[in-house]
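> coords please:
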Amino acid sequence: MHRRAERGVALVAAVAALAVLTVLATGLATTSVLDQHLARNALAALQADALARSGVAAAAVVLGERSPAEPDALSARWDSGRQPLGAGWVEVRVEDEARRLDLNELADAVPALFRVLGLDDRLLDALADWTDGDDSPRPAGAERDWYLGQTPPYLPPNAPLGSVGELVGVRGFDAALVERLRPFVTVAGETAINPNTAPREVLLAVVGASSPPGDESLGSAYAAPANVGSPQRSRSCRRSCTLSECPVMRAVTRPRIGRPSR
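Numbers count the residues shown, from 1 in each chain. Now for the predicted structure:
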């Protein structure tokens, strides 16, 4: 009787030990698979970063091959196409920053741009409070007291914007709104826009026009600044823009690991 009990206990212990070993083996296998995925992802991230940096270098080569006197217009091709490189490929497109409205240098035209885009005018107060040098909030704005009450608390810089992405910290702005603004704004220090490449929304904001697409008054407004009415907005729109006149360029790189799809 005792021997049968001992054999039963031994069987239970063996089954329990086998279960523990199975759990340990499964855990080790899972950890090994996760480590492999993490290693592959880390390698892919490094390769993508290298491809992006190579794309910026390719953009510099493309610009170096152009004449400084060549007009910067929508008809000009500032891209290197899709270039196979290493473990993947990179696609490069170069854009002049003068096609966008500078939020620091052309702040007088920002309200007009917001109206053209159909954005809430109250955002302008918050933006002005973010960049001005005082702590007195505007009616729809916010200063340090409001930002210190957020979770986590932070402070407005009370200085010109350092990047477009910084807008996400301004009261009333969110990531979706900032992404909507990105095609139209910059902080690159451009004191005037390039009428050859600026989108309609930026032209309308700068020249103060309100004509529908295709209306000739939009073209005449920036072609003949003397008729615009606002000297400040006239100076904010260039008559022409070459590489030497619009030297700030943005290289947009699209790296991909693996063979490009056709």
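> quick one: Thr186 and Trp146, what's the gap?
Noted for Thr186: a distance of 27 Å to Trp146, by CB to CB, to the nearest Å. Where you see a C-beta, it was placed from the backbone N, CA and C, and this is true even at glycine.
> Of these two, give the one with the bigger neighbour count.
Using other CB atoms under 10 Å as the criterion, Thr186 and Trp146 rank with Thr186 on top: 26 against 15.
> That one and Arg100: what is the separation?
Distance of Thr186 to Arg100, given as CB to CB: 4 Å.
> May I ask which helix or strand encompasses Val90?
Assessed by DSSP states H and E, Val90 sits inside strand 88-96.
> Let me see the mean pLDDT of that strand.
Regarding strand 88-96, the rounded mean pLDDT is 77.
> That one: partners in the sheet, and parallel or antiparallel?
strand 79-85 (antiparallel), strand 249-257 (antiparallel) (DSSP bridges).
> Could you list the paired strands of the helix or strand following that strand along with their orientation?
Downstream of strand 88-96, the first helix or strand assigned by DSSP H and E is strand 101-102. Its sheet considered, strand 101-102 pairs with strand 185-186 (parallel) by DSSP bridges.
> just checking, Ala126 touches Gly172?
Yes: applying CB atoms under 8 Å as the test, Ala126 and Gly172 come out as touching, 5.0 Å apart.
> Can you pick out the residue with more neighbours from those two?
More neighbours surround Ala126 than the other of Ala126 and Gly172, with 22 against 17 (other CB under 10 Å).
> Which parts of the stretch 51-200 of the chain are helices?
All helices of the stretch 51-200 of the chain, identified by DSSP state H, counting those that start in this stretch, fall at 110-116, 122-131, 144-148, 175-181, 200-207.
> ranking those helices by mean pLDDT, which is last?
Comparing mean pLDDT across the helices of the stretch 51-200 of the chain, the weakest is helix 200-207, with a mean of 89.
> where are the low-confidence patches of this structure?
For the chain, the stretches with pLDDT under 70 are 1-9, 67-81, 85-86, 208-255, 258-262.
> quick revisit: any chance of the helices of the stretch 51-200 of the chain in TSV, plus distance to Asp96?
Formatted as TSV, the helices of the stretch 51-200 of the chain follow (distance: least, CB to CB, whole Å):
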stretch	distance to Asp96
helix 110-116	18
helix 122-131	24
helix 144-148	34
helix 175-181	18
helix 200-207	12
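> So the closest residue to Pro153 other than its chain neighbours versus Gly169, what's the distance?
In space, and not counting its chain neighbours, Pro153 is closest to Tyr147: 6.7 Å by CB to CB, 6 or more residues apart in numbering. Look at Tyr147 and Gly169: by CB to CB, they are 8 Å apart.
> Same check on Ile193?
Ile193 is 26 Å from Gly169, by CB to CB.
> what's in contact with stretch 110-120?
With contacts defined as CB atoms under 8 Å, 6 or more residues apart in numbering, stretch 110-120 is touched by 101, 103, 121, 123-124, 127, 172, 177, 180-181, 184-185, 201-202, 204-206, 208.
> For Ile193 and Gly169, indicate the residue with more neighbours.
Taking other CB under 10 Å, Ile193 and Gly169 do not tie; Ile193 has more neighbours (30 against 15).
> That one and Leu203 touch, don't they?
Yes: when contacts are counted by CB under 8 Å, Ile193 is listed as touching Leu203 (7.5 Å).
> got the contact list for Leu106?
Glu190, Thr191, Ala192, Ile193, Val206, Ser236.
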